[in-house]
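1. using only what follows, build the 3D model:
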Amino acid sequence: MSDVEQLISEYSDLISEHRAWLMPFSKQRLDRWENILWKDAEGAESAICEAATRKLLSDHGVKIEPYEDLSSGGPDFLCVKESKNFYVEATCLTKDSIAKSTGFNKMPRPGLHGGPFALPTERIFYEMCNKTHQLRNLGAACILAIGTLHFQAGAVCFSKPLNKIVAEHLLIGTPQITMKIDPEQGRAISDTYQTTELRDSAFIRFQKTSDGQVEFARNPISAILLCSFGCRPFEAVGALHPNPNYQFDRNLLPNIEFGRIVQGSLETGCLKVEWI
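-> Have a look, this model is predicted:
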């Protein structure tokens, strides 16, 4: 059995459900999704992540329609709940790409229970940067849903409790341990403390023309969803942009926890994340 056939067999119920959902909209949309599904293993992963994102939203009582313009692009879904519109773009971190960024094996091996690994924060940040342009000028909040079918990465990095750590790093940057050094004495003159250079921070960055001043970035993206689709049941955690073009009402997805930068912490320089 090929990798594509194996994936389609593993997610057969989800694929059948997504086909039935797409069918009433247009044959062209259905054919396009089917072509991606059967193209190769990466295409199958991408198509399945799109279907899983749609199911995740539907399970939260969201009414969903396809939105992407088949010629010019745009977000995948137009969503409506409680008379509020928002958009969702679904993207996939393939098993191969997330294995390279974390150090996990592409396919889990029997008897492999532990070992060093890296968080996929940098890979997620790269995906956000690639998607920002196509999510501009929408007129409503837009969520970027980033999913993976990689079982180990999903179970370890995209599921509780580490998914919160990944989301926090996306909000305030990957932290580092710092201490003050006296170069003349050649030794530390302070206790260690945690700092950030905002590396891989999704929504804030240092201004290039100032010393330590922070500005907002990637404002078309109102929130990120990190989705584990390689495990059952599906899990997701969110991160909210502190100053997006359009604010997303996190109460529309009440069963998903969202992290956000604590109000006022940007001004003090002591960045903190709270979960709501």
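2. model confidence over stretch 32-40, on average?
-> With pLDDT averaged residue by residue, stretch 32-40 scores 96.
3. other residues contacting it?
-> 4, 8, 15, 18-19, 22, 43-44, 46-48, 50, 70 (C-beta atoms under 8 Å, 6 or more residues apart in numbering). No exception for glycine: its C-beta is placed from N, CA and C like everyone else's.
4. where does the closest residue in space to Met23 that isn't next to it in sequence land in three-state SS?
-> In space, and not counting its chain neighbours, Met23 is closest to Leu30: 5.8 Å by C-beta to C-beta, 6 or more residues apart in numbering. Judged by DSSP: H, G, I helix; E, B strand; the rest coil, the three-state class of Leu30 is helix.
5. in which helix or strand does Ile64 reside?
-> strand 63-66 (DSSP states H and E).
6. so Leu7 is in which element?
-> Per DSSP H and E, the secondary structure element for Leu7 is helix 3-10.
7. buried set for that helix?
-> Val4, Leu7, Ile8 (16 or more other C-beta atoms under 10 Å).
8. stretch 38-56 too?
-> Going by 16+ other C-beta under 10 Å, stretch 38-56 has these buried residues: 41-56.
9. of the residues you listed, just say which sits nearest to Ile256.
-> Nearest to Ile256 among the buried residues of stretch 38-56: Leu56, at 8.6 Å, using C-beta to C-beta.
10. tell me the SS of that closest one?
-> From three-state DSSP, the assignment for Leu56 is helix.
11. that one contacts Pro233, doesn't it?
-> No. Between Leu56 and Pro233 there is no contact under C-beta atoms under 8 Å: 9.8 Å.
12. would you agree Val273 is in contact with Arg260?
-> Yes. Between Val273 and Arg260 there is a contact at 6.9 Å, judged by C-beta under 8 Å.
13. give the residues shared as contacts by those two.
-> Common neighbours of Val273 and Arg260 (C-beta under 8 Å, 6+ apart) are Leu171.
14. average pLDDT across the helix or strand where Ile165 lies?
-> In this structure, Ile165 sits in helix 162-172 according to DSSP H and E. Computed over helix 162-172, the mean pLDDT rounds to 86.
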